[in-house]
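**Student:** For reference, the sequence and a predicted model appear below.
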Amino acid sequence: MMQSHLQGVGMTSQRTRDRMIHRLSEQGITDERILHIMRTTPRHIFIDEALASRAYEDTALPIGYNQTISQPYIVARMTELLIENKESLSDILEIGTGCGYQTAILAQLADNVYSVERLLPLQKKAKAHTELLKLKNIRYLHNDGGWGWEDYAPYEGILVAAAPNEIPQALLEQLAIGGVMIIPLVNQDDGTQSLKRITRTESSFQIQEVEPVSFVPFLTGKE
Ligand code: SAH
């Protein structure tokens with residue numbers, strides 16, 4: 001693809017990206033590594049051309065197949081929670097690749113990213129997007145992410161981008177001791193969702209509630 005497409009013009013230009021970063025800092029994102037990576041990663045290439053001019057708005061946008069790309073604030077916030085207090089990360093497991101934007105951000109912070117998506121056409125798009133950015137440390141799996149990805153476990157970080165009713169057992173098992181999982185969970189009493197941060201210790205899992213969120217549902221099986 002042409003270099004100019006990667007750089008963007010008008011509503012997809014560096015200036016628009018800089019405004020997004022400014023907004024993220026106002027919203028409380030402080031990790032300079034994340035702000036830098038989101039400043040330099042073109043978000044518009046992950047979105048269909050008809051919507052590309054809205055790529056840097058603070059909103060979720062449709063990516064087809066009834067799914068959405070997460071809003072910039074949520075991507076930044078989840079990433080921040082995942083890497084907090086860590087200098088570097090080795091292996092990260094992502095469940096719900098979608099269009100691959102979050103994957104691309106994670107790939108610039110970790111040695112390896114393993115990303116699982118249940119919808120094959122979306123996984124193919126994500127692959128094409130991250131190839132365009134020449135990111136080579138990502139592996140993709142087409143499967144129900146409820147099973148995690150055992151081959152490369154344990155993971156220092158696990159990030160889930162769809163909301164289940166409860167934390168899949170396999171994901172807890174594949175989290176390294178000292179590792180962190182960021183996951184939106186459906187509250188059983190009223191159907192709302194809360195973002196949780198789960199830390200695995202030698203003997204238990206510590207659960208911390210972060211903030212209310214709104215994700216697409218975590219579905220079983222693959223298509
Ligand atoms: N971070 C992504 C979010 C996409 S939306 C982005 O910004 O593009 C959430 C994604 O999770 C969807 O693509 C959906 O198909 C996927 N998903 C839902 N349940 C899943 C499951 N059990 N296993 C794997 N992927 C799942």
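**Tutor:** Perfect, thanks for sending it.
**Student:** which strand is the longest one in this protein?
**Tutor:** As assigned by DSSP state E, the longest strand anywhere in the chain is strand 175-186.
**Student:** May I see the buried residues of it?
**Tutor:** 175, 179, 180, 181, 182, 183, 184, 185, 186 (16 or more other CB atoms under 10 Å). For the C-beta atoms, the positions are set from N, CA and C on the backbone; glycine is no exception.
**Student:** so how far is stretch 83-95 from its chain's centroid?
**Tutor:** The chain centroid and the centroid of stretch 83-95 are separated by 12 Å under CA atoms, centre = their mean, to the nearest Å.
**Student:** Quick one: end-to-end distance for it.
**Tutor:** 17 Å (CA to CA, to the nearest Å).
**Student:** and of the buried residues of strand 175-186, the nearest to the ligand?
**Tutor:** Ranked by distance to the ligand (CB to the nearest ligand atom), these are led by residue 184 at 9.9 Å.
**Student:** Enumerate every residue touching the closest one.
**Tutor:** 160, 161, 162, 163, 193, 194, 195, 196, 213, 215 (CB atoms under 8 Å, 6 or more residues apart in numbering).
**Student:** ok, which of those residues also contact the ligand?
**Tutor:** 161, 162 (CB under 6 Å from any ligand atom).
**Student:** quick revisit: which positions within the next helix or strand after the longest strand of the chain qualify as buried?
**Tutor:** Per DSSP states H and E, the first helix or strand lying C-terminal to strand 175-186 is strand 193-200. Under the neighbour-count criterion of 16+ other CB under 10 Å, strand 193-200 has 193, 195, 196, 197, 198, 200 buried.
**Student:** now, which of the contacts of residue 184 sits nearest residue 43?
**Tutor:** Set against residue 43, the nearest of the contacts of residue 184 by CB to CB is residue 161 (15.3 Å).
**Student:** helix or strand right after the helix or strand residue 130 falls within?
**Tutor:** Applying DSSP H and E as the criterion places residue 130 in helix 120-132. Later in the chain than helix 120-132, the nearest helix or strand by DSSP H and E is strand 138-142.
**Student:** interface residues of this protein facing the ligand?
**Tutor:** Residues of the chain lying near the ligand by CB under 6 Å from any ligand atom: 63, 67-70, 95-96, 98-99, 101-102, 116-119, 122, 144-146, 161-162, 216, 218-220.
**Student:** Next step: the residues you listed restricted to strands.
**Tutor:** Among those, DSSP E puts 63, 67, 68, 69, 95, 116, 117 in strands.
**Student:** my guess is the first one meets residue 70, correct?
**Tutor:** What it means is residue 63. No. Between residue 63 and residue 70 there is no contact under CB atoms under 8 Å: 9.9 Å.
**Student:** Now find how far off-centre the least confident helix or strand in the chain by mean pLDDT is within its chain.
**Tutor:** Across the helices and strands of the chain, mean confidence by mean pLDDT, DSSP states H and E is lowest for helix 3-7: a mean of 80. On the basis of CA atoms, centre = their mean, helix 3-7 sits 23 Å off its chain's mean C-alpha point.
**Student:** Appreciated, that's everything.
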